[in-house]
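K.L.:
Sequence and predicted model, in that order:
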Amino acid sequence: MFEYLIGGLATAFSPTVLPVLLFGVVGGVVLGALPGLTATMGVAILLPFTFGMEPTAALVMLIGVYIGGIYGGSIAAILLKTPGTPASAASVLDGYSMTLKGQAARALSISAVASFIGGLTSTIVLIAIAPMLAKFALRFNAPEYFALALFGLTIIASVASKNILKGLLAGTIGLLVSTVGLDPVTSVPRFTFGIMDLYSGINVIPVLIGLFAISEALTQLEHLFLKAKANSEFNYKLLSLKDLKTMLPTAFKSALMGTSIGSVPGAGADISAFVCYNEAKRVAKNPDEFGQGSVQGLAAAEAGNNGVTGGSLVPLLTLGVPGDAVAAVLLGALIIQGLTPGPLLFSQNPEIVYGIFSSMLVGNIIMLLVGLLGIRFFCKITEVPKILMIPIIIFLSIVGAYAINNSMFDVGIAIGFGVLGFLLSKMDVPSSPILLAIILGPMAEQNLRKSLLMFEGSWSFLYERPIALAFILLAVFSVYSTMRRHKKARQAESENP
Amino acid sequence: MLNREVIFPVILIAFSAVVLALIPQFQMPLYSQDASVGAKFFPTVIILGQIAICIALIVQHFVKKVETTEAKAIVSKMSLLGLVFLVLYAVLISVVGYLIASLISFTGYLVFLKVKKPLYYIVAWVFVFAIYYLFAKVFFISLPEGMFY
Amino acid sequence: MKKLLKTVIAAAGILATASAFAADYPAKNIKLIVPFGAGGGTDAVGRTIANSAKDILGKNITVMNRTGGSGAVGMSFGAQSRPDGYTLTVVTREIASLPQMGLMQHDADDFELIRLVNLDPAVVLVSADSPYKNINDLIADAKANPGKVKFASTAAPNFYLMTLEKDQGIKLNAIPYNGASEAIPAVLGGHTAVTMVTPGEAISQLRSGQLKALGVMSKERTALIPDVPTLVEQGVNVTSGTWRGIGAPKGTPAEIIEILGKAFDEAMASQEFKDFMAKGAMTIHNMNAEEFTAFVKEDTAALGALVK
């Protein structure tokens, strides 16, 4: 194994492969940072260009885009509250709060380091125990997915810091939106009113763009001519040693969780980021800091979404099935190169497998360097005058909403949700639970009903399957600790008014 | 006491009631089997939950007298203008295509806000062309071309 | 203002050339609508044939993914495009099934079908340690335990399965998954007993022996997996599969259809396309416009008998 790994590293640093990897990572960061352009899309668009390339270089480039794309989404999320991909929506919660306090550089450096830890850890796990992880992933099916989604959904209660009822309300609005379209089990149309564009449901990316970017632009527009509050002093201070110490345990834990979630087919970086955030908040000593610029919160979300990158290759390389949409494109790339993804790849083409492994290691290092060296440059964005930045955000939002599915209908969805998000923010109703519910709602519903079909109407799967049971217990703990926290807060309030 | 903390939940309850009335009209599945928890189950539960939360919000408002945050206007003139701008831009895109619509809208926006600095106009045009180039030529995503092509 | 005027004039100019005669077709880039997401099998076929045909036609063919409603959104969009030969659509088997289920407002009659590109049979797959040795074991078990054998379905409803169920008078417990990438792990993990996908979707599991094929649902054995017997050979007279072709909106001039048809013939014969399809374990099946149209009509009738 080690000679292969060294051989792979030699390949990764070879003059034909390293530039391709660098191009992939940087290109991925740019793609990810633009709203509406996801890592999946970037990889799919680049795929035809790899037809003529030599197999290792082709895969290395695509993997570079993947790593860069997941990370890039967070830059816009932190600086502009405009998450480039759903995976970085959880980073808005604490990252943007830091930016508001003038700590954009600190937030970006935490994000880069946490993403690096996430990506690197998951790559090492992939190299070391991919076959074991694959066995774990195969034990996942409808009941486990349902329980995982349920645990993720409990974050709705804990995201809402001010008024728990309003957080829950945002959750039900999101869940309701997620039921629009053809029912996943029976193909019966629900709330589609005969509109063909609604049959596949409301796409999450225009919703994301609307709720975050457009509603933020409207809010900023409102404040444009109001006397700006003295902006907190902007500084270029990176993360401190203390920050690093605070975030490390959370980051490693989230990286491992992200790897496991990634290794399960059908659960990707968006789900992982929210689940890791929730778990970090559940065990945190001071959960009230979450959402106000918590180092741990940001680190959990970032390590969680990049942790998926290694994990999603587990089923691809060991079973020949993709772990998420990006891995599906990589599967296509492998097949086009005449390779057989799955266990045979290890015995037939170990040089390819270890070429992938080593370029992931190197790719994560490149990502860290790009992230850290770019901070000064990225921060310049916050210095662009508001009067120019607002239309730029609006134009990027519209083009992004269009590009995801070449559809003006999605542009309408983005504008609609922009207005909704803007109005809800006036009512102090948080918008992230809406997004979370749209991502996790269908997963919960579909898998509950699939489980009931599999077990012929019996609910026994909830307690008979250990992984499912574990997630359900976690969900219960999560709700319980949130409730206790709120009770304490109320007591503290009544004691010192 | 009839402020937005009451009106908003009431509107949502009314909306929920309409949605609840739509649920029984779902078709029966013709070709596939369904689970004991069917297609209507989740929407119904969600709607009932939503109504319960809204009622709780109203009760909370009256019983606890949660101090309302200083009444910011729900919609200001600027945000309304922003919305009009968005809609006009979207309509313009489908008529004349992305490139021309963006140039017109961005210029119009700057003129409307009485921006005098030429640099801003240059930045705006460069931005529009850069995005167009990036999407159309680098990513091969065909942006809307309008109705004339 | 002058600038704007200029642009408008330029736009009008392009408009005039575009609607000019078919003689100089193609005068500008062609758009190919793919009704499924980037990265899937349909997308890969669309992108590859676009790539091969662009050199033949001398103009670029840009792929536009328009997803939704199991292909209904993209195909309806394609059917409503201007019939000038500059917007083509990848037409899939869903055009035969969805309209009959009331899930799509356009059907095959709204297209000038140009060429069938790809035709793949479904393969019945079980995990390597499954007790079923052949298709008759599965049928016997399903007869003994109606509605109990768990089937990982790649779509709801699943026509591969419905054809078999109808012919044999059996009923399986069909659990809907999101495509082959979720159905295959469900079989590998032992959560479901059996699934049906195309050879390309399961080629790596078949090669590595993680999955076992009980039979292929075509009239003759397929070259991709020559060791797997057909269901017909095993006495079960059932065939099913999926196909992809290319269509233009109804009313596109016949000369243009002819130009495109010849270009796609050449593209399908190109080494690049052949290699791509062979590696992806997909079968090239070229049918000309008349054959393709008749074939779709036949398939529509066959599926109609299932849903009614």
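P.N.:
Yep, that arrived. Numbers count the residues shown, from 1 in each chain, chains lettered A, B, ... in the order given.
K.L.:
tell me the contacts of the residue nearest to residue A:214 when sequence neighbours are not counted?
P.N.:
Leaving aside its sequence neighbours, residue A:214 sits nearest to residue A:418 (Cβ to Cβ, 6 or more residues apart in numbering or on different chains; 2.8 Å). C-beta: built from backbone N, CA, C; applies to glycine. The neighbourhood of residue A:418, defined by Cβ atoms under 8 Å, 6 or more residues apart in numbering or on different chains, consists of A:209, A:210, A:211, A:213, A:214, A:215, A:217, A:218, A:397, B:86.
K.L.:
Residue A:418 should be in a strand, yeah?
P.N.:
No: under DSSP: H, G, I helix; E, B strand; the rest coil, residue A:418 sits outside any strand and is assigned helix.
K.L.:
which parts of the stretch 1-150 of chain A sit against chain B?
P.N.:
A:31, A:37, A:42, A:45 (Cβ under 8 Å from any Cβ of the partner chain).
K.L.:
can you tell me how far residue C:212 sits from residue C:129?
P.N.:
Here residue C:212 is placed at a distance of 9 Å from residue C:129 (Cβ to Cβ, to the nearest Å).
K.L.:
Those two: which is more packed in?
P.N.:
Ranked by neighbour count (other Cβ atoms under 10 Å in any protein chain shown), residue C:212 and residue C:129 place residue C:212 first, with 19 against 8.
K.L.:
Do I have it right that that one meets residue C:128?
P.N.:
Yes: in this structure residue C:212 lies within contact range of residue C:128 using Cβ atoms under 8 Å: 5.4 Å.
K.L.:
which regions of the chain sit below the pLDDT cut-off?
P.N.:
Since no chain was named, I'll use chain A. Counting by pLDDT under 70, chain A contains low-confidence ranges at A:1, A:51, A:159-161, A:226-234, A:493-497.
K.L.:
other chain: chain B
P.N.:
Using pLDDT under 70, the flagged stretches of chain B are B:1-2, B:29-35, B:65-74, B:146-149.
K.L.:
can you list the domain ranges for it.
P.N.:
Domain segmentation of chain B under automatic domain parsing yields B:4-28+B:37-64, B:77-138.
K.L.:
give the contact list for the residue nearest the centre of chain B.
P.N.:
What sits nearest the mean C-alpha location of chain B, by Cα atoms, centre = their mean, is residue B:83, with 9.5 Å. Residue B:83 makes contact with A:218, A:415, A:419, according to Cβ under 8 Å, 6+ apart.
K.L.:
so the first one makes contact with residue A:423?
P.N.:
No: at 9.5 Å, residue A:218 and residue A:423 do not qualify as touching, with contact defined as Cβ under 8 Å.
K.L.:
picking up where we left off before, give me the subset of the residues of the stretch 1-150 of chain A next to chain B that lies in helices.
P.N.:
Counting by DSSP state H, the part of the residues of the stretch 1-150 of chain A next to chain B found in helices is A:31, A:42, A:45.
K.L.:
all helices for chain C, in order.
P.N.:
Per DSSP H, chain C has helices spanning C:2-18, C:41-57, C:72-79, C:94-97, C:135-144, C:159-168, C:180-188, C:199-208, C:254-269, C:271-279, C:289-307. These are given in chain order.
K.L.:
Could you do the stretch 251-400 of chain A as well?
P.N.:
Secondary structure of the stretch 251-400 of chain A (DSSP state H, counting those that start in this stretch): helices located at A:269-283, A:295-311, A:313-318, A:325-336, A:343-348, A:350-379, A:386-403.
K.L.:
Would the last one count as contacting chain C?
P.N.:
Okay, so that is helix A:386-403. No: applying Cβ under 8 Å from any Cβ, one finds helix A:386-403 separated from chain C by no less than 10.1 Å.
K.L.:
looking at it, residue A:181 is touching residue A:198, isn't it?
P.N.:
Yes: using Cβ under 8 Å, residue A:181 is in contact with residue A:198, at 5.9 Å.
K.L.:
list the residues that contact both of those two?
P.N.:
Joint contacts of residue A:181 and residue A:198 (Cβ under 8 Å, 6+ apart) are A:191, A:192.
K.L.:
related to what we said a few turns ago, name the residue in residue A:218 and residue A:423 with the higher neighbour count.
P.N.:
residue A:218 (27 against 16).
K.L.:
Quick check: buried residues in the helix or strand in which that one is found?
P.N.:
Using DSSP states H and E, residue A:218 sits within helix A:215-223. Buried residues in helix A:215-223, counting neighbours by 16 or more other Cβ atoms under 10 Å in any protein chain shown, are found at A:215, A:216, A:217, A:218, A:219, A:220, A:221, A:222.
K.L.:
can I get those in JSON lines with distance to residue A:147?
P.N.:
Listed next are these as JSON lines, based on distance: Cβ to Cβ, whole Å:
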{"residue": "A:215", "distance to residue A:147": "32"}
{"residue": "A:216", "distance to residue A:147": "34"}
{"residue": "A:217", "distance to residue A:147": "38"}
{"residue": "A:218", "distance to residue A:147": "38"}
{"residue": "A:219", "distance to residue A:147": "37"}
{"residue": "A:220", "distance to residue A:147": "40"}
{"residue": "A:221", "distance to residue A:147": "43"}
{"residue": "A:222", "distance to residue A:147": "42"}
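K.L.:
Look up how far residue B:93 lies from residue B:105.
P.N.:
The value you get for residue B:105 to residue B:93, if Cβ to Cβ is used, is 9 Å.
K.L.:
Residue A:20 now?
P.N.:
Distance from residue A:20 to residue B:93, by Cβ to Cβ: 35 Å.
K.L.:
again, but for residue A:13
P.N.:
46 Å.
K.L.:
Please say which of these two ends up with more neighbours.
P.N.:
residue B:93 (24 against 13).
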